[in-house]
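In: here is a sequence together with a model predicted from it:
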Amino acid sequence: MNATVSSSASAVPDVIDRLAGIAPGSHLDRVRAQREQARTHAQQSYLSLFAPVPPLIGNFEIVDRFAIAAFVAGLHGQAEAARFYADGLAGQGAEAAVLEAIAGETKRGAAAGPYGRYPAGPLSAEDAAGPSYAVGDAQRQVLGERLSSALAHAHLLVFHPRDASAAALQSLLDAGWSSTEIVTLSQLVAFLAFQIRVVTGLGALAQRPVTLVD
């Protein structure tokens, strides 16, 4: 992940506030202000992933980051975040066929999870079988091998984190991803899980009486 962001990107409104519908001066705005460093770091993480200072490290293009983010947010079932990243994908100039392919793959990849198997031991009782995922042939033609392999890896991290393996990483390398790009890809998926959990939590707080959250 690039560590810095451009000055213009620093003016981007707080994304978590936007996704959670937090207005300036509202009680949830005041709640977040009590953890200002956490708020700042979350926004900086978003900007580092989606608006980094050029040149980019490797070939992980911004348009592909938004494509993967739209897919992952859809897998998490967070409609507002999925729309936000799909709009971002369109804003990056993605073709309509790519937008349709990402939307279609999000529906194809939907599951409940988490699935997978732990190493033999006490946690084996929690082993759960679940569907594996690969991009459909028609969509693969549109998205290409590189982005298709990234979607498969993202699906693995969201629904099958216990099944992460050297073979899964090798499939990314075989599709042209460098080690550095794979780290950034995994950071992106992890960040989205964090961001969506925060938005969901703030949404729950918004349903409670103000006196209980102030």
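Out: Received the coordinates, thanks.

In: quick one, helices of this protein?
Out: Secondary structure of the chain (DSSP state H): helices located at 15-20, 27-33, 36-50, 62-75, 79-91, 96-109, 137-159, 166-174, 179-206, 210-213.

In: pull the contacting residues for the residue nearest the centre of the chain.
Out: Among the residues of the chain, the one closest to the centroid is Leu192, at 3.5 Å (C-alpha atoms, centre = their mean). Contacts for Leu192 (C-beta atoms under 8 Å, 6 or more residues apart in numbering) come out as Ala69, Val72, Ala73, His76, Ala81. For the C-beta atoms, the positions are set from N, CA and C on the backbone; glycine is no exception.

In: I'd say the first one and Arg83 touch.
Out: Looking back up the chat, that one is Ala69. No - Ala69 lies out of contact with Arg83 (C-beta atoms under 8 Å); the separation is 11.4 Å.

In: which of those two has more residues huddled nearby?
Out: Ranked by neighbour count (other C-beta atoms under 10 Å), Ala69 and Arg83 place Ala69 first, with 27 against 14.

In: contacts only, for that one.
Out: Phe50, Tyr85, Gly88, Leu89, Leu188, Leu192.

In: which among those residues end up buried?
Out: Buried members of the contacts of Ala69, scored by 16 or more other C-beta atoms under 10 Å, are Phe50, Tyr85, Gly88, Leu89, Leu188, Leu192.

In: distance of the last one from Arg30?
Out: Taking C-beta to C-beta, to the nearest Å as the measure, Leu192 falls 26 Å from Arg30.

In: coming back round to it: mind putting the contacts of Ala69 into CSV with distance to Gly25?
Out: Compiled in CSV, these are given as follows (distance: C-beta to C-beta, whole Å):
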residue, distance to Gly25
Phe50, 27
Tyr85, 27
Gly88, 27
Leu89, 32
Leu188, 32
Leu192, 28
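
In: closest one of these to Leu147?
Out: Leu89 (11.3 Å; C-beta to C-beta).

In: enumerate every residue touching that closest one.
Out: Taking C-beta under 8 Å, 6+ apart as the test, what Leu89 contacts is Val63, Phe66, Ala67, Ala69, Ala70, Val98, Leu99, Ile102.

In: for it, give me the pLDDT.
Out: Each residue has a pLDDT score; the one for Leu89 is 98.

In: what residues are up against the nearest residue to it once chain neighbours are set aside?
Out: Closest residue to Leu89 apart from its sequence neighbours, by C-beta to C-beta, 6 or more residues apart in numbering: Phe66 at 4.0 Å. Shown in contact with Phe66 (C-beta under 8 Å, 6+ apart): Phe50, Tyr85, Ala86, Gly88, Leu89, Gly91, Gln92, Ala94.
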